[in-house]
Structures are given as C-alpha cells and as structure tokens.
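J.: Structure, please.
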Amino acid sequence: MSLLSKGSPRPAKSSKPRLYTARFDPYSTGIRYLLSKKGIDYEFVYINFQDKPEWLPELNPASQIPIMEIGDEIVSETIVIYDYLEQKFPQVKTQPTDPYLKAKDKIFIDHTKEYLSKAYSHYWAWVMKMDKDEHINKDRETHKLSLKARTAFFKSVINGSPDVNAGL
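T.: The predicted structure follows:
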C-alpha cells in the first residue's frame, strides 16, 4: 500500500470496509485488532501526516485519523469507531453488555488513550533526540495502576474494548 499525500487522488469507493490510518498510528492498531477479531475483511490506506491529501477534510473535518469508511458511511474518532463496528457487525461481541462494565471500560479506555498520546509523543521526541525517559517511566507507572484497578473484563474470553484499545 502506498502512502497518500498532497496531490494523491482519493481512493475509489470499495466494496470492503476501509480504514484510513498511518503506519505507526497507535489508535488504528486497536481498530485493526477489532476488525480481525470480528473476522471482517477490510483494506487500509496510509495517510502521510507531514503532507496530508487535500481531500482528507471531506472524510473528517479535523483531518485526523483513524477514519472508517464503509460504503457511504464515514466514521471518525477511535472510540466512536469501536462502538460503530460493534453495532454494525454484532455477530462477534467485543464489548460487555452490562452498562456498568461498559462504563468502566470507557473510563479505562480514556485513561489508556491519554497514556498512548503521551507515549506516542515521547516516542517522537526520542526520535528527534529529546530525552523524555523520566516522563515515560512516570506515565507508565500511572498506567499500570489504572490496569490493576480494572480486571473484571480485561483479558477475558470475550475480548472487550479495553483489550482492543490496548492491542491485547
């Protein structure tokens, strides 16, 4: 798959679900895992975020990924895509049905998203030769405490959304 950037044409409609992503996007990793768990045959398109295609705001006005496109339906934001796929393809359950557990999972995902954002930015800072090891270790310890607080559905037989978000 090629990397689409400024000047690249928008891909033609597909009969398969399509995930717009970047090669090392941590938010898309969970969606790929979820699609795989549900047995959904899909394709993905890499977006160059240093030189974004002009048509990207047509899919998401914020020009952010991930973006899920199924026919004429276009959905963005990681958590929204999880819920959308769960309802669109209900044959394989990946989220709890109990409202309380679902709420706890969303809290966990919110904390994971915050950790991933920091870890991802620290990674790129490291790539740019900026030392952030102390901050990474502190964030990692905070995240471990969050993991210990949420174990009832985590890594269960039916992988719930925290498992998917964490790529487990």
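J.: What is the three-state secondary structure of the nearest residue to Trp55 once chain neighbours are set aside?
T.: With Cβ to Cβ, 6 or more residues apart in numbering as the measure, Arg10 is the residue that lies nearest to Trp55, at 4.3 Å, once sequence neighbours are left out. C-beta coordinates here come from the backbone N, C-alpha and C atoms, glycine included. Three-state call for Arg10 (DSSP: H, G, I helix; E, B strand; the rest coil): coil.
J.: how about Arg10, what does it touch?
T.: If a contact means Cβ atoms under 8 Å, 6 or more residues apart in numbering, then Arg10 has Pro53, Trp55, Glu58 as its contacts.
J.: For the helix or strand containing Glu86, the averaged confidence score.
T.: Counting by DSSP states H and E, the secondary-structure element that holds Glu86 is helix 78-88. For helix 78-88, the mean per-residue pLDDT is 92.
J.: can you check stretch 100-111 too?
T.: Computed over stretch 100-111, the mean pLDDT rounds to 82.
J.: got the residue ranges for the helices in this structure?
T.: Remark: helices assigned in the chain by DSSP state H are 26-37, 56-59, 78-88, 99-127, 133-149, 161-166.
J.: And for Pro61, the neighbour number?
T.: Applying other Cβ atoms under 10 Å, we find 9 other residues in the vicinity of Pro61.
J.: Okay, it and Ile67: tell me how far apart.
T.: For Pro61, the distance to Ile67 equals 11 Å [Cβ to Cβ, to the nearest Å].
J.: and what of Phe24?
T.: For Phe24, the distance to Ile67 (Cβ to Cβ) stands at 16 Å.
J.: Tell me how far the residue nearest to Trp55 lies from Thr21.
T.: Computed with Cβ to Cβ, the distance linking Arg10 and Thr21 is 15 Å.
J.: repeat for Trp55
T.: Relative to Thr21, Trp55 is positioned 16 Å away (Cβ to Cβ).
J.: what about these two, which has more around it?
T.: Per other Cβ under 10 Å, whichever of Trp55 and Thr21 has more neighbours is Thr21, with 21 against 13.
J.: residues touching the closest residue to that one other than its chain neighbours, list them.
T.: Setting aside the residues directly before and after it, Thr21 is nearest to Ser28 in space (Cβ to Cβ, 6+ apart), at 3.8 Å. By Cβ under 8 Å, 6+ apart, the contact list for Ser28 reads Leu19, Thr21, Ala22, Phe44, Ile65, Pro66, Thr78.
J.: change it to 7 Å
T.: Taking Cβ atoms under 7 Å, 6 or more residues apart in numbering as the definition of contact, the neighbours of Ser28 are Leu19, Thr21, Ile65, Pro66.
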